[in-house]
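> Need coordinates for the following:
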Amino acid sequence: CAYWHGLFGGIYLPHLRHGVFQNVLEADAWLNEDLGSHIKVEEEDYDGDLEPEVIVSSRALQAFFRWSDAGTMVELDYLPSRFNVGNVVTRWKESYHSGEDITHAGTSEDGVSSPHEISVGIRPSDLKFGTFDTVPLRSFREFYTATDLDTARLQKLEGITLATGRMKDRHLTPKGWEGSHNVGPLTYLKRFTFQDPETMAAQWTLSPGGPDGFFGTLLCFTLLTADGEGRSAEVTTGAGSFWKGKPGDPVDCDGVTQFTWKDSVFGFAFDVTTPKPVRLITTPIQTLQRSEKGYEAVYQGTLIALRWPVRSIMENGGTVGANLHFRRIQ
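Numbers count the residues shown, from 1 in each chain. Modelled structure (predicted):
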């Protein structure tokens, strides 16, 4: 059920996907425990799609990147907790979102109908949240926008040019990889490096000559629940202000130097820090899918945007970055 979308929600249910990942990561953690401080970098067609992926791993972390899709990160596993924080499903448009109502058998006139025989209709008002994606929701997908973002625009990815397509001049490095790409009118060099077994760093260097506007990257992360007990989110700015809420809470804050997610249920936390202050915008990712009782909305994770003004980037050397550090907590 967790591998596909049938009548009962299937792959759209985060706890089912987590159960699969948890068992696979139990094996991965065992395989990686002898790495010590070593960082392993591999290039292979991991999923059989005829395109090579890059897997960077340590005894604590493993990250999977698609060079064929702008160098996006499709999975990020914290092995001590057997947890994939990138376990987010894209908001694809299914056939029933257009009014088609598929049942597996005709409705019985006698007796009690099984869930497979019940016709379930969907009203246009049910789709008011109305966001369907045209590209997969993956972390470290760069974007360009001529005008600034807010949570409403981020929710619909409205007026935002997203990086897609194959990376250019790509190659492996001793602890990661780098390659060049473009998004809208901007060209940039993108680098990923594992600084130690618990910390990874992303860095972008813009080529000169681009127009004003805003450059940034998207992160798609989850702790399985938007506001469950034992999960929290924290934001710190360079001016010393501090905010605390839940992972699913919308956030729009300028001058951010760190945000942190904590999960005391699975016993870990991660910090995202930026050497240069960044505007942080977040919004929950929700899908609406058919279930045995009708239609249900499910929180899949949080869409996070880190954005910098292009002019500010170029005035300060042309390079920006973000670091992710994981740690165990009680």
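> Can you point out the buried residues in stretch 296-312?
298-308, 310 (16 or more other Cβ atoms under 10 Å). No exception for glycine: its C-beta is placed from N, CA and C like everyone else's.
> Can you flag which of these belong to strands?
Counting by DSSP state E, the part of those found in strands is 298-308.
> and the residues you listed, which two are the farthest apart?
Farthest apart among these by Cβ to Cβ are Val298 and Trp308. That separation is 32.1 Å.
> Give the bridge partners for the residue positioned nearest the centre of the chain, please.
The centroid of the chain falls nearest to Cys220 when counting by Cα atoms, centre = their mean (1.8 Å). Taking DSSP bridges, one finds Leu303 as the beta-bridge partners of Cys220.
> Name the strands paired with the longest strand seen in the chain and say parallel or antiparallel.
The longest strand of the chain (DSSP E) is strand 268-291. Here strand 268-291 has these sheet partners by DSSP bridges: strand 251-263 (antiparallel), strand 294-309 (antiparallel), strand 319-328 (antiparallel).
> Report the mean confidence score over it.
Strand 268-291 shows a mean pLDDT of 94.
> Restricting the selection to alpha carbons, write that strand to CSV.
Taking C-alpha atoms only, strand 268-291 is exported to CSV below (Å, rounded to 0.1, in the frame of the first residue of the first chain):
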residue,chain,number,x,y,z
PHE,A,268,17.0,14.4,16.6
ALA,A,269,17.3,18.0,15.5
PHE,A,270,18.8,19.8,12.6
ASP,A,271,19.9,23.4,12.2
VAL,A,272,20.0,25.3,8.9
THR,A,273,22.5,28.2,9.1
THR,A,274,23.4,30.8,6.5
PRO,A,275,26.7,32.8,6.6
LYS,A,276,24.8,35.8,5.1
PRO,A,277,21.3,36.7,6.5
VAL,A,278,18.5,35.4,4.4
ARG,A,279,14.8,35.9,4.0
LEU,A,280,13.0,32.7,5.2
ILE,A,281,9.5,31.9,3.8
THR,A,282,7.7,28.7,4.7
THR,A,283,4.3,27.2,3.9
PRO,A,284,2.8,23.7,4.6
ILE,A,285,2.5,21.2,1.7
GLN,A,286,-0.9,19.6,1.6
THR,A,287,-2.4,17.0,-0.8
LEU,A,288,-6.0,16.1,-1.3
GLN,A,289,-6.5,12.5,-2.2
ARG,A,290,-9.2,9.9,-2.3
SER,A,291,-9.6,7.6,0.6
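> Report the buried residues of it.
268-274, 278-291.
> Stretch 24-44 too?
25, 29, 32, 39, 41.
> now, among those, which is nearest to Arg82?
Leu25 (4.2 Å).
> Surely Pro52 and Phe64 touch.
No. In terms of Cβ atoms under 8 Å, Pro52 does not count as a neighbour of Phe64; the distance is 11.5 Å.
> out of the two, which sits in the more crowded spot?
In this view Pro52 and Phe64 are compared by other Cβ atoms under 10 Å, and Phe64 has more residues nearby, 20 against 15.
> from the chain's centre, how far out does the helix or strand encompassing that one sit?
Element membership for Phe64 (DSSP states H and E) is strand 61-66. Centroid separation for strand 61-66 versus its chain: 12 Å, with Cα atoms, centre = their mean, to the nearest Å.
> relative to strand 319-328, how tilted is that strand?
Put simply, strand 61-66 runs at 140 degrees to strand 319-328, going by axes from the mean of the first three to the mean of the last three Cα atoms, to 10 degrees.
> Go ahead and produce PDB holding the CA coordinates of the very next helix or strand once past strand 61-66.
Using DSSP H and E, the helix or strand that follows strand 61-66 towards the C-terminus is strand 72-78. The C-alpha trace of strand 72-78 is given here as PDB (Å, rounded to 0.1, in the frame of the first residue of the first chain):
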ATOM      1  CA  THR A  72      18.100  18.500  -6.600                       C
ATOM      2  CA  MET A  73      18.200  16.400  -3.500                       C
ATOM      3  CA  VAL A  74      15.600  13.700  -3.400                       C
ATOM      4  CA  GLU A  75      16.400  12.100  -0.100                       C
ATOM      5  CA  LEU A  76      18.200  13.200   3.100                       C
ATOM      6  CA  ASP A  77      18.500  10.500   5.800                       C
ATOM      7  CA  TYR A  78      19.600  10.900   9.400                       C
END
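> Show me what the mean pLDDT comes to for strand 72-78.
98.
> Kindly report the same for stretch 136-146.
For stretch 136-146, mean pLDDT is 98.
> Any idea how far apart the tips of that stretch sit?
Stretch 136-146 stretches 22 Å from its first residue to its last (Cα to Cα, to the nearest Å).
> Next SSE downstream of the biggest helix by length in the chain?
Secondary structure of the chain read by DSSP state H shows that its longest helix is helix 14-32. Sequence-wise, the next helix or strand downstream of helix 14-32 (DSSP H and E) is strand 40-44.
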